[in-house]
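Novice: sequence unknown, structure follows:
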């Protein structure tokens, strides 16, 4: 009972740390929710909770490399939690979820790197829902373990994981991989093995299910989508026509999308991989819009980054600066389609008609473009390959975004969120205003 209570308290505190990370770390580059603390690996770290034992290391290892150590109870504002054998708890964090150095894309599709096995060797964590953290209560010592020393002055003993955590066969709970993006394995204890480690773990889904219970979380993602659409619409207000070129509000052309598939080896976390592509009517939101700028003679300046961190190319500069860390981590969830009438051009934009602009829910074809945020994966979606639109979007939205040769007059879809639909759709109207889609379309 003592061990179970300690593990449960530690698990709850770690989830709480992750889902409030942005508020408690507003000035860090990774100021979004989801990150977990480094372990205490030395007893000498310094943090806002003090210095020494129980304080998470300020930085632990290399990016995307998992780390094991003692539970940073002081950082988590916990007492010195101990299991039933009176040993303090140990803790491993996935390299993709530790806060320093942070991973490149932190969002609900970011998988853990820790695989959990039952005592009989059965895998408990499926490939798309691996553990992001493991908490371990050591049992009594084995013949090869030496828990002497005073490095851990409060908990007692030392910081050598193998003196506390057990190895049985090909499993070793004291070791994590030192390779970036590699998985590490943990096995639940059983006296018959012999192994007395008692383990609690947090999966990717555990963490993000807790995150979704925050009433402001989906609102933040909605705001991010709205501001992204407004930045794109703002591009259409800064085109030029004539000789010599001069600002001309009659040219409302918008930037080409980036490709849906950035390539087999592409890193979807790198902003500059989201380049606009000539002739591309559907895909992902573009970061760099050099090709579109050249055609529409847009006033954007080198290096032609539409969505850069300072918000200089967006109409809501302060709001964009505040939302930028979220866009930077969630950009792979955003999709974008433009109509024929509003593709890059150096002349005045012709009025919409049914053959050349987009519709929503079968309504009038008066939409210049749509920006769609993919909700959390629904049943049957894996997102193992980021170029498969049907793993992100639903219905017409998935079909249209995945089309090889769209006409630019497609019908997109929006409705109330449910177990079968959770896309967030924003329309850029033909006058470049931005409205949120609802059950009636985009009013």
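Specialist: Looks like it came in fine. Only a predicted model underlies this, so the values are computations on that prediction, with no experimental measurement involved. Numbers count the residues shown, from 1 in each chain.
Novice: next, residue 131: phi, psi?
Specialist: phi -80, psi 140 (degrees, to the nearest 10).
Novice: so residue 165 is in contact with residue 171, correct?
Specialist: No - assessed by CB atoms under 8 Å, residue 165 is found out of contact with residue 171, at 10.4 Å. No exception for glycine: its C-beta is placed from N, CA and C like everyone else's.
Novice: hey, where'd the helices end up in the stretch 301-443 of the chain?
Specialist: Taking DSSP state H, counting those that start in this stretch, the helices of the stretch 301-443 of the chain run over residues 317-330, 395-401.
Novice: any chance of these in TSV, plus distance to residue 366 and mean neighbour count?
Specialist: TSV is the format used below for the helices of the stretch 301-443 of the chain (distance: least, CB to CB, whole Å; neighbours: other CB atoms under 10 Å):
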stretch	distance to residue 366	mean neighbour count
helix 317-330	26	18
helix 395-401	17	21
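Novice: where in the stretch 151-300 of the chain is pLDDT low?
Specialist: 242-247, 264-265 (pLDDT under 70).
Novice: hey, what's the residue lying closest to residue 360 once chain neighbours are set aside bridged with?
Specialist: Here the nearest residue to residue 360 in space, its sequence neighbours aside, is residue 441; by CB to CB, 6 or more residues apart in numbering that works out to 3.9 Å. Note on residue 441: beta-bridge partners by DSSP bridges are residue 438.
Novice: I figured residue 441 was touching residue 358, is that so?
Specialist: No - using CB under 8 Å, residue 441 makes no contact with residue 358, being 10.6 Å away.
Novice: so the spatially most central residue of the chain: helix, strand or coil?
Specialist: Taking CA atoms, centre = their mean, the centroid of the chain lies closest to residue 107, which sits 1.5 Å from it. Look at residue 107: counting by DSSP: H, G, I helix; E, B strand; the rest coil, its state is coil.
Novice: for it, give me its contacts.
Specialist: 34, 329, 330, 332, 333 (CB atoms under 8 Å, 6 or more residues apart in numbering).
Novice: mind checking which helix or strand the spatially closest residue to residue 46 that is not a sequence neighbour is in?
Specialist: Leaving aside its sequence neighbours, residue 46 sits nearest to residue 55 (CB to CB, 6+ apart; 6.6 Å). Counting by DSSP states H and E, no helix or strand carries residue 55.
Novice: same thing with residue 192?
Specialist: Counting by DSSP H and E, residue 192 is part of no helix or strand.
Novice: residue contacts, the residue lying closest to it once chain neighbours are set aside?
Specialist: Counting by CB to CB, 6+ apart, residue 192 lies nearest to residue 119, which is 7.8 Å off, once chain neighbours are set aside. Each residue near residue 119 by CB under 8 Å, 6+ apart is listed here: 187, 188, 189, 190, 192, 193, 195.
Novice: number of nearby residues for residue 376?
Specialist: 18 (other CB atoms under 10 Å).
Novice: and the nearest residue in space to it that is not next to it in sequence, backbone torsions?
Specialist: Nearest residue to residue 376, sequence neighbours excluded (CB to CB, 6+ apart): residue 108, at 5.5 Å. Here is the backbone geometry of residue 108 (degrees, to the nearest 10): phi -70, psi -10.
Novice: give me the number of residues near residue 108?
Specialist: 21.
Novice: verify the stated contact: it with residue 206.
Specialist: No - the pair residue 108 and residue 206 does not pass the contact test of CB under 8 Å, sitting 11.6 Å apart.
Novice: all the strands of the stretch 201-350 of the chain, in order from the start?
Specialist: Secondary structure of the stretch 201-350 of the chain (DSSP state E, counting those that start in this stretch): strands at 240-241, 246-247, 282-284, 334-338.
Novice: contacts only, for the closest residue to residue 410 other than its chain neighbours.
Specialist: Residue nearest to residue 410 in three dimensions, not counting chain neighbours: residue 400, with 4.3 Å by CB to CB, 6+ apart. Residue 400 sits next to 282, 337, 406, 410, 411, 412 when contact means CB under 8 Å, 6+ apart.
Novice: from residue 352, how far off is the fifth one?
Specialist: To tie it back to what came earlier, the one meant is residue 411. 14 Å (CB to CB, to the nearest Å).
Novice: of these two, which one has the most company?
Specialist: In this view residue 411 and residue 352 are compared by other CB under 10 Å, and residue 352 has more residues nearby, 22 against 17.
Novice: hmm, that one is touching residue 340, no?
Specialist: No - counting by CB under 8 Å, residue 352 does not reach residue 340; the two are 9.4 Å apart.
Novice: now residue 26: how far from residue 343?
Specialist: 39 Å.
Novice: neighbour count: these two, which is higher?
Specialist: More crowded of residue 26 and residue 343, by other CB under 10 Å: residue 343, with 24 against 10.
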